[in-house]
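> Fold the following, please.
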Amino acid sequence: MQQGVDILIATPGRLLDLVTQRRLSLQYVKTLVLDEADRMLDMGFINDVRKIIGRLPQQRQTLFFSATMPPGIIHLSQSILNNPVRIEITPISTTAETVEQAIYFVEKSDKRSLLIHLLKNNIDTALVFTETKFGADKLCAALRRENIKVQAIHGNKSQAERQKALLNFKNKHINVLVATDIAARGIDIERLSHVINFELPNIPETYVHRIGRTGRAGANGKAISFCGMEEKTLLRDIHKLIARSIPVMKDHPFEMEHAEVTVPSKMLVSHRLITRKRNKTFRQL
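Numbers count the residues shown, from 1 in each chain. Take a look at the predicted model:
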């Protein structure tokens, strides 16, 4: 950097650290690219991003990339972009055939007991997703009381803590990693047997990202999701996205009375038609 660079790729915290030390100046930046913006939001980096933006020239081009658009990301984009052009690519999201999916209908109050029951019955390794950081810590504490080797990973953990937890999980020092969607993309864990959605995601595309952590490189994996009464709408959205109904597991100790949540047949037909059109377009290209 002392010799000058045309393109600089950096994490927000490290970049801000260099600017604060006066090792780096941002006054000549012409283009700012924010990649994986939704992950930055979940990891707690947005305040650093705002500080960096405050040190950039007013006249610049800003490119903003995000796989999902939750309310926090929409608000951020509106605050840092000036009259932007929005380009949205909506692929047909599919799940890998190597991932066996299952739904457990269970009351919210019984989810923890069901998880403990499953973890103590022939599950080697499991990546468990929660919606909130507080929920991840609370669940992690409950599993420890059951003598389950577990750690949590989320945006309130330092980078060193996150790396240590991930390394312990990869090295089998712990059997369970409880995480928010900070771990839904970009993390590759070999021979991960199970992904468990303790809570269904609010954004259906996130479901595809989550369960994609297992069944990688041709290996088989299992994706288990818990669905409470208040989450049936979320499950219906997931069914529509992946254009299939996830099999329901019955006769477990905490089974909840439920109405089946299925994908309308016309949605399945629409999915096949769109897929054929896309394949035809790709062949022409």
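
> which residues in the stretch 1-150 of the chain form strands?
Per DSSP state E, counting those that start in this stretch, the stretch 1-150 of the chain carries strands over the ranges 31-34, 61-64, 99-105, 126-129, 150-153.

> Point out the most buried one among those strands.
strand 126-129 (a mean of 26; mean count of other C-beta atoms under 10 Å). Heads up, the C-betas are built off the backbone N, CA and C, glycines and all.

> on contacts alone, who are the packing partners of that one?
strand 176-179, strand 194-197 (3 or more C-beta pairs under 8 Å, 6 or more residues apart in numbering; DSSP states H and E).

> got TSV for those, with mean neighbour count and mean pLDDT too?
Listed next are those as TSV, based on neighbours: other C-beta atoms under 10 Å; pLDDT from 0 to 100:
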stretch	mean neighbour count	mean pLDDT
strand 176-179	26	94
strand 194-197	25	95
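
> can you put the ones you listed in a markdown table and add distance to residue 110?
Converted to a markdown table, the helices and strands packed on strand 126-129 look like this (distance: least, C-beta to C-beta, whole Å):
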| stretch | distance to residue 110 |
| --- | --- |
| strand 176-179 | 18 |
| strand 194-197 | 15 |
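
> And the host helix or strand of residue 236, what does it pack against?
Assessed by DSSP states H and E, residue 236 sits inside helix 232-242. Helix 232-242 makes packing contacts with helix 204-211, strand 221-227 when contacts are defined by 3+ C-beta pairs under 8 Å, 6+ apart.

> quick one, which of the strands of the stretch 1-150 of the chain is nearest to residue 231?
Among the strands of the stretch 1-150 of the chain, strand 99-105 comes nearest to residue 231, with 9.4 Å by C-beta to C-beta.

> what about the closest one, distance to the chain center?
Offset of strand 99-105 from its chain centre (C-alpha atoms, centre = their mean, to the nearest Å): 18 Å.

> which residues sit against it?
95, 114, 211-212, 214-215, 220-228, 235, 246-249, 252, 254-258 (C-beta atoms under 8 Å, 6 or more residues apart in numbering).

> count of residues packed around residue 229?
13 (other C-beta atoms under 10 Å).

> separation between it and residue 200?
Per C-beta to C-beta, to the nearest Å, residue 229 is found 12 Å from residue 200.

> ok, now residue 100?
18 Å.
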